Every structure is written in structure tokens, then in C-alpha cells.
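Engineer: need a structure here:
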Amino acid sequence: MAAVEIGRLRYGAIVSVHTGADESITTLTDDGIEELKDMLSDARISQDTWHAFLEDFVDDPEIIARVKDKWPR
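Structural biologist: Now for the predicted structure:
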């Protein structure tokens, strides 16, 4: 089986707004939300691509293990 490349969010899809000297809020733009939906849809093509997505984007091994035990809904 060939590997499926799951894309990254484009520059500008994520914005940070500084709300104080040491405070900021980071969020997705409307386009960023659509890109994230597309990434998740692509990742859910198969169990292998879903597991690869989790390993690429989630830093916590416990979360990865817990989510791998359940097929995406």
C-alpha cells in the first residue's frame, strides 16, 4: 500500500492575537478550519492513514494509544 501524504495547514490558516504583554490567543481562520476538515477526512481513508496521522500530529503517546484503539466515527 502506498503512503498517503496528509498535508499541512497553509501559512495564514492559523492566527495569533496578542491580548496582553504575555498573553495571546491562537486560532484557525475559516480557511484553516476547512483545511483541517480536509486533513482529517484524508487521514480517515484507512486505519493505516489514521494511525500515521495520529503519530505525526499528536505528541502524547497515551492519547495516541487510546485513540488508536477506536476507529474514527
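Engineer: For the rest of this, base every contact and every neighbour count on C-alpha atoms.
Structural biologist: OK.
Engineer: what's the pLDDT at the closest residue to Leu54 other than its chain neighbours?
Structural biologist: Nearest residue to Leu54 in three dimensions, chain neighbours excluded: Ile64, at 6.1 Å (Cα to Cα, 6 or more residues apart in numbering). At Ile64 the predicted local confidence, pLDDT, stands at 91.
Engineer: Make 403 the first number, not 1, from now on.
Structural biologist: That works, and once the first residue is 403, the last one we named lands at Ile466.
Engineer: Next, the buried residues of the strand or helix carrying Ile466.
Structural biologist: Secondary structure from DSSP states H and E places Ile466 in helix 463-470. By 16 or more other Cα atoms under 10 Å, the buried positions in helix 463-470 come out as Ile466, Lys470.
Engineer: Now find how far off-centre that helix is within its chain.
Structural biologist: How far helix 463-470 lies from its chain's middle: 14 Å, per Cα atoms, centre = their mean, to the nearest Å.
Engineer: Helices of this protein, residue ranges please.
Structural biologist: According to DSSP state H, the chain carries its helices in the segments 432-445, 449-459, 463-470.
Engineer: Any chance of TSV for those, columns distance to Ala415?
Structural biologist: Rendered in TSV, the data for these read as follows (distance: least, Cα to Cα, whole Å):
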stretch	distance to Ala415
helix 432-445	4
helix 449-459	16
helix 463-470	25
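Engineer: rewinding a little: and the helix holding Ile466, what does it pack against?
Structural biologist: helix 449-459 (3 or more Cα pairs under 8 Å, 6 or more residues apart in numbering; DSSP states H and E).
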